[in-house]
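Colleague: quick one, structure for this:
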Amino acid sequence: MKYLIIGSGMQGRACAYDLLRDPRTQRVLLADVSEKGLSAVKKWLKSPKVRTRRLDASDLAAVKRLAQGHDVTVSCVPYFFNLGLAKAAIEAGTHFIDLGGNTDIVREELALHDRAKKRGVTVIPDNGLGPGMINTIAVAAMEKLDKTDEVLIRDGGLPQHPAPPLNYMLTFSVHGLINEYVEDATALRDFKRVAVPGLSETELIDLPAPLGRCEAAHASGGLSTMAWTFAGKVRKMDNKLIRYPGHISFINTMRDLGFFSQDPVEVQGRKLAPRALSALLFERHFDRPGDKDLVVIRVTARGLKDGKKAEAVYDMMDFYDPRTKLTAMMRTTGFPAAIVANMLASKVIAKPGAYPVETGVPAQPFLAEARKRGFKLASRFRFL
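Modeller: Below is the predicted model of the structure:
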């Protein structure tokens with residue numbers, strides 16, 4: 001099996017690491033615009049199966065040429081490249097997956113269904129942590145019920161040792177983080193798709209040690225296409241991010257004061273967008289190399305089983321791995337992408353076309369593969 005991974009950053013590195021553990025993998029070609037980054041990743045992976053190639057992800061003709069001869073192309077670059085990359089992969093005759101990040105673009109990728117089906121390839125966007133793993137876990141929880149009434153997805157990436165004043169560390173793009181905070185989220189309410197403000201409807205949530213009591217509020221993008229897939233079928237469904245207590249109210253205060261506005265303001269004769277300054281300061285405070293992170297997931301599905309009210313719950317917590325130096329966020333984002341890429345290459349997923357993650361990825365085989373990678377997924381079921 002041969003894979004092309006576009007993007008050699010943290011998630012691309014984690015994805016390549018996982019794919020290389022499968023003895024059936026013949027080659028992993030990492031492509032990136034940064035020669036320095038490629039050299040560092042190749043040195044870190046230490047595998048004769050690794051190849052590298054300098055590539056500008058916006059050069060779709062070059063992407064098409066490079067993708068030919070590979071079973072799966074994996075995009076680990078920012079979301080705005082994904083639609084073009086999906087089209088190039090289809091033309092090259094290779095399956096395509098990405099990490100998502102923008103539901104509008106994902107829906108445009110899904111509109112490529114007929115084109116992908118005609119070429120005999122499969123396109124599945126949204127294969128990171130959220131959207132991605134959390135959505136597949138939600139489907140697994142729903143499968144334990146005969147009829148689902150509500151699905152509550154809660155997840156977060158956090159420092160193991162929080163530092164004031166915001167008790168947070170940067171585990172992915174600072175601009176992506178701010179988008180999660182300030183953009184509207186999509187949810188289902190009374191079977192209908194609705195928009196809800198980011199970081200609204202804060203709730204308390206009690207989690208296993210070492211976290212204990214935390215808080216959660218709506219996050220933009222995590223639910224992704226599930227809001228379309230299950231509209232009219234599930235009464236209530238939403239996704240909220242998890243933070244240490246106090247973080248959400250602090251961020252909401254900053255938003256209300258205009259710190260995340262993209263409208264320039266004049267400061268000492270110079271115009272500056274407040275969000276640009278906030279992003280810079282966030283990066284200085286939240287980017288803490290060497291600090292250890294964790295990722296926590298809780299998914300709750302409620303409905304009916306055998307005519308009685310019932311509840312299915314999945315819990316997972318993952319930690320920074322000191323042996324591989326992979327952060328929890330890298331593991332929970334890069335490994336799910338690798339699992340789905342492997343499923344496509346090995347024909348576990350074998351239906352040409354473009355599919356959302358919740359219908360394109362079989363939940364139980366995915367969870368079995370996740371557990372093989374050390375993800376401690378605990379599930380419980382009870383009648384209410």
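
Colleague: and residue 80, what does it touch?
Modeller: 102, 105 (CB atoms under 8 Å, 6 or more residues apart in numbering). Using the backbone N, CA and C atoms, a C-beta is placed for each residue, glycine as well.

Colleague: quick check: it vs residue 101, distance?
Modeller: For residue 80, the distance to residue 101 equals 8 Å [CB to CB, to the nearest Å].

Colleague: repeat that for residue 78.
Modeller: Using CB to CB, residue 78 is found at 7 Å from residue 101.

Colleague: ok, residue 65 to residue 198 distance?
Modeller: Residue 65 is 40 Å from residue 198, by CB to CB.

Colleague: higher neighbour count, those two?
Modeller: residue 198 (23 against 13; other CB atoms under 10 Å).

Colleague: for that one, what are its contacts?
Modeller: Neighbours of residue 198 in contact, by CB under 8 Å, 6+ apart: 180, 181, 182, 183, 184, 185, 217, 218, 219, 220.

Colleague: possible to save those residues as a markdown table with pLDDT and distance to residue 29?
Modeller: Converted to a markdown table, those look like this (pLDDT from 0 to 100; distance: CB to CB, whole Å):
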| residue | pLDDT | distance to residue 29 |
| --- | --- | --- |
| 180 | 85 | 31 |
| 181 | 91 | 36 |
| 182 | 90 | 37 |
| 183 | 89 | 34 |
| 184 | 91 | 38 |
| 185 | 92 | 36 |
| 217 | 97 | 40 |
| 218 | 96 | 38 |
| 219 | 90 | 33 |
| 220 | 88 | 33 |
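
Colleague: list buried residues within those residues.
Modeller: 180, 181, 182, 183, 185, 217, 218, 219, 220 (16 or more other CB atoms under 10 Å).

Colleague: these two touch, right, the fourth one and residue 218?
Modeller: Which is residue 183. No: the pair residue 183 / residue 218 is not scored as a contact, 10.0 Å apart, by CB atoms under 8 Å.

Colleague: quickly find the element holding residue 116.
Modeller: Counting by DSSP states H and E, the element that carries residue 116 is helix 113-119.

Colleague: same for that helix, what does it pack against?
Modeller: helix 82-92, strand 122-124, strand 353-354 (3 or more CB pairs under 8 Å, 6 or more residues apart in numbering; DSSP states H and E).

Colleague: nearest to residue 282, of these?
Modeller: Minimum separation from residue 282 across those (CB to CB) falls at helix 82-92, 24.6 Å.

Colleague: neighbours of the closest residue to residue 176 other than its chain neighbours, how many?
Modeller: Distances taken as CB to CB, 6 or more residues apart in numbering place residue 101 nearest to residue 176, at 6.6 Å, with adjacent residues excluded. Residues near residue 101, counting by other CB under 10 Å, number 24.

Colleague: contacts only, for the nearest residue to residue 84 once chain neighbours are set aside.
Modeller: Nearest non-adjacent residue to residue 84, counting by CB to CB, 6+ apart: residue 60, 5.1 Å away. Counting by CB under 8 Å, 6+ apart, residue 60 makes contact with 84, 85, 87, 88.

Colleague: ok, which pair from the residues you listed is furthest apart?
Modeller: It's 85 and 87 that sit farthest apart of the contacts of residue 60, by CB to CB, at 7.3 Å.

Colleague: neighbour count winner among the two?
Modeller: Legend: neighbour count by other CB under 10 Å for residue 85 and residue 87, higher for residue 85 (24 against 20).
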